[in-house]
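J.: Give me a 3D structure for the following:
(one chain, ligands or ions: 1)
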Amino acid sequence: MTKKDKFGPPFNPRGKPLEANEMEKIPHIRAKAPAKYAWAAGTAMSRFLEELKNGKIIGRLCAQCDRVLVPPRMFCERCFKPTTEWVYLPGTAVVETFSISYIDQNANRIKEPILVGTVAFDGAPPDCGIMHYFGEMKPEELKIGMPVEPVWKPQNERVGSILDIKYFRPRKK
Ligand SMILES: [Zn+2]
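T.: Now for the predicted structure:
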């Protein structure tokens, strides 16, 4: 057994497309699954998403730990005490991590990279970040600790999604 036989061809995450004549050899059906579902976001996340429609970032205060949880939670995962108050944050943030991706969501190589990472909101601790896109900057300008601000979709296009924020851009003073 050669090494190639043992381990097979190199792993290709995108797989191999079927040839036209191969489809007929494979047992298959074409059908639409009647999948209906509802998903409750919960008390804290529902309010967070509703506030995004208003262009606001809201968190919950853990008085025990003196930290504002964003996205909000009804209890603190550190001390397990219920959070006590809603707190609006200014929305400005700082870059905590980032990635310059030359692969898109479908694993295609792309020339203009997508800039993604986590941001920590001002007024919340750095371990309460959210993941999002960055924009209006060159890849080489993106730095950890960089002050950024959200760029919101127009109000009539917001639906209560984290993508109501289009991306975060360098903060303008
Ligand atoms: Zn706590």
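
J.: Can you check which helix is longest in the protein?
T.: In the chain, assigned by DSSP state H, the helix with the most residues is helix 43-53.

J.: How far off centre is the next helix or strand after it?
T.: Remark: after helix 43-53, the chain's next helix or strand is strand 57-62, criterion DSSP states H and E. Relative to the centre of its chain, strand 57-62 is centred 19 Å away, using C-alpha atoms, centre = their mean, to the nearest Å.

J.: Buried residues of strand 57-62, list them for me.
T.: For strand 57-62, the buried set under the neighbour-count rule, 16 or more other C-beta atoms under 10 Å, comprises 57-62. Backbone N, C-alpha and C define where each C-beta goes, glycine included.

J.: Give the closest residue to the residue nearest in space to the middle of the chain in space, chain neighbours not counted.
T.: For the chain, the residue nearest the mean C-alpha position is M131 (3.9 Å; C-alpha atoms, centre = their mean). The shortest distance from M131 to any non-neighbouring residue, by C-beta to C-beta, 6 or more residues apart in numbering, is to T118 (5.2 Å).
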